[in-house]
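K.L.:
let's see this in three dimensions:
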Amino acid sequence: MDRKRIWGWWFFDFASQPYATLLLTFIFSIYFAEVASARFVLEGADPRQAGAQAQALWGWGLALAGVAIAVLAPVLGAVADTTGRRMPWIWLFSAFYVAGAAGLWVLAPGGSALVAALVFFGLGLIGMEFATIFTNALMPTLGSRDEIGRISGSGFAFGYVGGVLALAVMLGLFAESAVTGLTLLGKPPALGLDAAAREGTRFVGPFTALWYLVFMIPFFLWVREPRGIARPLRLGEAMRDLGTLLRSLRHRRSLAAWLLSSMFSRDALNALYGFGGVYAGTVLGWPVILSGIFGVVSALSAAVICWIGGRADRRWGPRPVIAACTLVLIAVCMLVVGMDRASIFGVALPPGSRLPDALFFSCGVAIGGAGGVVQAASRTMMVRHTSAEKAAGTFGLYALSGKATAFLAPFLIAVVTTATGNQRLGISPLIVMFLLSLALLSWVKPEGEPEQ
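P.N.:
Residues are numbered from 1 along each chain as shown. Sure, this is the predicted structure:
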């Protein structure tokens, strides 16, 4: 194995993870919920319903980005396989990532740029997802079949380390309390940023873009595509190859079942990531800084769990690892639905009880760890269903399976939340989606089903 090339590949996870950690889950999503809720109150909304409206708006934004990813992912993968090139696409979508993240600076406390912020967030999310397709497509060339699980798990663990380091920097130097205007270290935001205008917290977007630019350098220096013939782009040929791959699913029951299983599990997991911060901010009343501390604790634990998960994948294979972690995620969703500040599963708590906070911290560890292991083992399972030559197209289908219904979980959360006016009940569709994923997983062959 070329260890330097593997380390370069791991640096993509390290560089890109802050989009999920800082923007999707722990800082920007909570800040967005704060700003949107305040804006809806100013426009005359009932303060008790403003949080639900903010959650619904966030859900519509994620849903639209998911539709764009679902439509384009398999086409782009087929094009990359036809041309024999992955790296130019990684460069292109890295630019999307950087532009989208940097643009989040526009969301000032008044809330006049809510839609613009969602557009920038969607652009960056599309860039991250598409760049991931092509970096994942390099996996079959990184090591032997027996080593891929360990490589994938270690990559996710390294990614979590990047996420937690970025989060620690943001909390210590930039993200200010809305009440005191001070960071976690008790200082005003660095670089002269104006706390009154929430510039420290808004800097999370540009900071994420800068982090990616710096830490993608090892990837672009150390990762080279295997030598091969670069072919011109022929869209017609790419679409024919995609059609052939789609038709082959009729005869490849394991791959078809796996794509459907991962479709439900990753859609539910992404929604859990995307709405966790909003839930913490609006149901439990957590400020950005407390949510950030929660992120540090959960990400550190998740890094260790992912590293262990990679070793478990190497020993037992990806399927049992995925099943076990999915059960953990179902338990987390049930707890989230049954808990609020005043009660747990209908049992009243003493006023001021910190038990909900402690339980949600535990949920964060479980979501980060189990979710990271599911994603790492899922990459391994996908490699067992493809070859190095067809990896981009197959991972394009994998991205499609993760985004074909990417609108569904945010849509169901938005609909149920709007219909009931209850954010906790809005999370309940995720339980059904995880159960469907488990049922479909029973049809997946443990050793995969590569092309004949």
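
K.L.:
so where's the stretch 101-250 of the chain uncertain?
P.N.:
By pLDDT under 70, the weakly predicted segments of the stretch 101-250 of the chain are 226-238, 241-242, 245.

K.L.:
then the stretch 301-450 of the chain?
P.N.:
388-389, 391-393, 400, 402-407, 449-450.

K.L.:
where do the helices sit along it?
P.N.:
318-337, 355-383, 391-403, 408-420, 423-426, 429-441 (DSSP state H, counting those that start in this stretch).

K.L.:
and residue 85, which of the ones you listed is closest to it?
P.N.:
Nearest to residue 85, of all the helices of the stretch 301-450 of the chain, is helix 391-403, at 9.0 Å by CB to CB. Quick note: C-beta positions are derived from backbone N, CA and C, even for glycine.

K.L.:
quick one, what contacts residue 16?
P.N.:
Neighbouring residues of residue 16 by CB atoms under 8 Å, 6 or more residues apart in numbering: 97, 128, 131, 132, 159, 212.

K.L.:
number of residues surrounding residue 350?
P.N.:
Residue 350: 8 surrounding residues under other CB atoms under 10 Å.

K.L.:
how close does it get to residue 342?
P.N.:
Separation of residue 350 from residue 342 (CB to CB, to the nearest Å) stands at 10 Å.

K.L.:
next one: residue 411
P.N.:
From residue 411 to residue 342 the distance is 29 Å (CB to CB).

K.L.:
settle it for me: which of these two has more neighbours?
P.N.:
Legend: neighbour count by other CB under 10 Å for residue 411 and residue 342, higher for residue 411 (19 against 12).

K.L.:
my read is that the more buried one contacts residue 63, right?
P.N.:
Yes. Residue 411 is within contact range of residue 63, at 5.2 Å (criterion: CB atoms under 8 Å).

K.L.:
and residue 109, what does it touch?
P.N.:
Residue 109 makes contacts with 35, 38, 197, 198, as judged by CB under 8 Å, 6+ apart.

K.L.:
likewise residue 93?
P.N.:
Applying CB under 8 Å, 6+ apart, one finds that residue 93 lies in contact with 126, 127, 128, 130, 131, 134.

K.L.:
mind running it again at 7 Å?
P.N.:
Shown in contact with residue 93 (CB atoms under 7 Å, 6 or more residues apart in numbering): 127, 130, 131.

K.L.:
where do the helices sit along the stretch 51-200 of the chain?
P.N.:
For the stretch 51-200 of the chain, helices defined by DSSP H, counting those that start in this stretch occupy the ranges 87-102, 114-136, 145-169, 199-202.

K.L.:
buried stuff in the second one?
P.N.:
The neighbour-count criterion (16 or more other CB atoms under 10 Å) identifies 114, 117-136 as the buried residues of helix 114-136.

K.L.:
which two of the contacts of residue 16 have the greatest separation?
P.N.:
97 and 159 (14.2 Å).

K.L.:
so the residue lying farthest from the centre of the chain versus residue 336, what's the distance?
P.N.:
Distance from the C-alpha centroid of the chain, by CA atoms, centre = their mean, peaks at residue 350 (35.3 Å). As defined by CB to CB, residue 350 lies at a distance of 21 Å from residue 336.

K.L.:
which of the helices or strands spans the closest residue to residue 224 other than its chain neighbours?
P.N.:
Take residue 224 and drop its neighbours on the chain: the residue closest to it by CB to CB, 6 or more residues apart in numbering is residue 5, 7.1 Å away. Assigned by DSSP states H and E, residue 5 belongs to helix 3-18.

K.L.:
got the angle between that helix and helix 145-169?
P.N.:
40 degrees (axes from the mean of the first three to the mean of the last three CA atoms, to 10 degrees).

K.L.:
now helix 3-18: average pLDDT?
P.N.:
Across helix 3-18, pLDDT averages out at 94.

K.L.:
residue 30 and residue 284, how far apart?
P.N.:
For residue 30, the distance to residue 284 (CB to CB) stands at 11 Å.

K.L.:
looking at those two, which is more packed in?
P.N.:
It is residue 30, of residue 30 and residue 284, that has more neighbours when counted by other CB under 10 Å, with 27 against 17.

K.L.:
so residue 311 versus residue 364, what's the distance?
P.N.:
Residue 311 sits 23 Å away from residue 364, going by CB to CB.

K.L.:
between these two, which is the more surrounded one?
P.N.:
Shown here are residue 311 and residue 364; by other CB under 10 Å, residue 364 has more neighbours (25 against 14).

K.L.:
please name the nearest non-neighbouring residue to that one.
P.N.:
Per CB to CB, 6+ apart, closest to residue 364 is residue 298, 3.4 Å.
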